[in-house]
Structure formats: C-alpha cells, structure tokens
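Asks: Please find the sequence and the predicted model below.
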Amino acid sequence: MGKFDRYEARQVKQEKVHKIHPVWRGIGCLMIIIIPVMAYAAADVFLQAAPGLGLFPRSSDIYRNIDLGFYVAPISLGMVVFTILFAMVGFLLFSVLYSIVYRMAGPPRYGPTDAPPPKRTKSRR
C-alpha cells in the first residue's frame, strides 16, 4: 500500500442506538386522528349544554355559521374555537400521562458507564 492509496474498511451498517418501537408509532398516528375527533364531539356537547348552564345565551354569535361572503361554512365559530381548545387539552393530558408512565417504567436515569450522583453534605454556616 502506497502513501496516498485509500484504505477503505468494510462498511459496517451501524444500528440506531435509540429505536422507536413500531407500536408507539401506530399509537401516535391513532392519537392524531382520534383526539381531534373527540375534541369536535366534546365541543358539540359543550355548546349544546352551554345555554342550560348559563354560559352563553342561545342567541349569541358563537352559534352562527361562519359566513365568508361567497360561502357559508356549516360550522360555527364556537365549534372551531372549542375544538381547538379541547384538542390542545387532550394532547396535553396524553403528554403528561406518557411522561409519568415513562418515568416509572422507562430506562434508569443512570447507565452502567455513568458516574454515581455526587453525595452532598450539608455544611454549617
């Protein structure tokens, strides 16, 4: 082998260190579909129950269909606002629930190559 020849080692395909289990990818896809559908249903139920609870009067603008001038959308402003609000709350709840479960059932915080956490002694002032 000469000085300027290229030495190419075997190309070893490296595996990803952190793989996502295929089940979790499927659950994420279902959540992207299911949570907005559930949020739309919750907004519908909420807007039907709101006049009885005294939250919004029935004659409010929140119940009118959206008029774009050339097209009248068959959905009200209240449905859009509360669907987005309930979807955000739904995704927030699933994120918090997942973080709690991951903390309890996930991998340990420190691996075999990590140094143990420092022991702190309280000093007198």
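Replies: Cool, got the structure. Because the structure is predicted, anything quoted here is derived from the model rather than measured.
Asks: packing partners for the longest helix belonging to the chain?
Replies: Longest helix in the chain, counting residues (DSSP state H): helix 22-53. Judged by 3 or more Cβ pairs under 8 Å, 6 or more residues apart in numbering; DSSP states H and E, the packing partners of helix 22-53 are helix 77-105. In short, each C-beta sits where N, CA and C put it, glycine included.
Asks: by how many degrees do the helix it packs on and helix 22-53 diverge?
Replies: Here helix 77-105 runs at an angle of 140 degrees relative to helix 22-53 (axes from the mean of the first three to the mean of the last three Cα atoms, to 10 degrees).
Asks: if you average pLDDT over helix 77-105, what comes out?
Replies: Across helix 77-105, pLDDT averages out at 92.
Asks: and if you look at stretch 116-125?
Replies: Rounded mean pLDDT across stretch 116-125 is 80.
Asks: Could I get the buried residue list for that stretch?
Replies: For stretch 116-125, the buried set under the neighbour-count rule, 16 or more other Cβ atoms under 10 Å, is empty.
Asks: Show residues contacting that stretch.
Replies: Y110 (Cβ atoms under 8 Å, 6 or more residues apart in numbering).
Asks: From S95, how far out is the nearest residue to F82 once chain neighbours are set aside?
Replies: In space, and not counting its chain neighbours, F82 is closest to A43: 3.6 Å by Cβ to Cβ, 6 or more residues apart in numbering. Counting by Cβ to Cβ, to the nearest Å, the separation of A43 from S95 is 20 Å.
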